[in-house]
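Asker: A structural model of the following input is requested.
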Amino acid sequence: MKIEDYNKVFDLDVKAVVDMTIQSLMLLKENGENIINMSSVRVTHVITEISMVY
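Answerer: Model (predicted):
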């Protein structure tokens, strides 16, 4: 696996969730809403060639 591939997966799986949370935090607080974090299917279905830990 190349570092570029790792960065793409990390950006999607981690940074996107954090960014979405930051962008919606005020609205969530105002309405008493909650966040449900659902993990990727990769957690339970490991593919050796593309799996990674972060």
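Asker: Next, count neighbours for V9.
Answerer: 16 (other C-beta atoms under 10 Å). In this view, the C-beta of every residue, glycine as well, is placed from N, C-alpha and C.
Asker: V17 too?
Answerer: 14.
Asker: next one: V14
Answerer: 11.
Asker: and what of F10?
Answerer: 14.
Asker: Just the local confidence number for it, please.
Answerer: For F10, the model assigns a pLDDT of 84.
Asker: now the one 10 residues further on
Answerer: At M20, the predicted lDDT confidence score is 86.
Asker: For the helix or strand encompassing it, name the packing helices and strands.
Answerer: Element membership for M20 (DSSP states H and E) is helix 16-31. Using 3 or more C-beta pairs under 8 Å, 6 or more residues apart in numbering; DSSP states H and E as the contact test, no helix or strand touches helix 16-31.
Asker: Render the CA-only coordinates of it in PDB, please.
Answerer: Extracted in PDB, the C-alpha atoms of helix 16-31 (Å, rounded to 0.1, in the frame of the first residue of the first chain):
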ATOM      1  CA  ALA A  16     -14.700  13.600   7.000                       C
ATOM      2  CA  VAL A  17     -16.400  12.500  10.300                       C
ATOM      3  CA  VAL A  18     -14.500  15.000  12.300                       C
ATOM      4  CA  ASP A  19     -15.300  17.800   9.800                       C
ATOM      5  CA  MET A  20     -19.000  16.900   9.700                       C
ATOM      6  CA  THR A  21     -19.200  17.000  13.400                       C
ATOM      7  CA  ILE A  22     -17.500  20.400  13.700                       C
ATOM      8  CA  GLN A  23     -19.700  21.800  11.000                       C
ATOM      9  CA  SER A  24     -22.900  20.600  12.600                       C
ATOM     10  CA  LEU A  25     -22.100  20.900  16.300                       C
ATOM     11  CA  MET A  26     -24.000  24.200  16.900                       C
ATOM     12  CA  LEU A  27     -27.100  22.900  15.200                       C
ATOM     13  CA  LEU A  28     -26.900  19.600  17.200                       C
ATOM     14  CA  LYS A  29     -26.600  21.500  20.500                       C
ATOM     15  CA  GLU A  30     -29.500  23.800  19.700                       C
ATOM     16  CA  ASN A  31     -31.800  20.900  19.000                       C
END
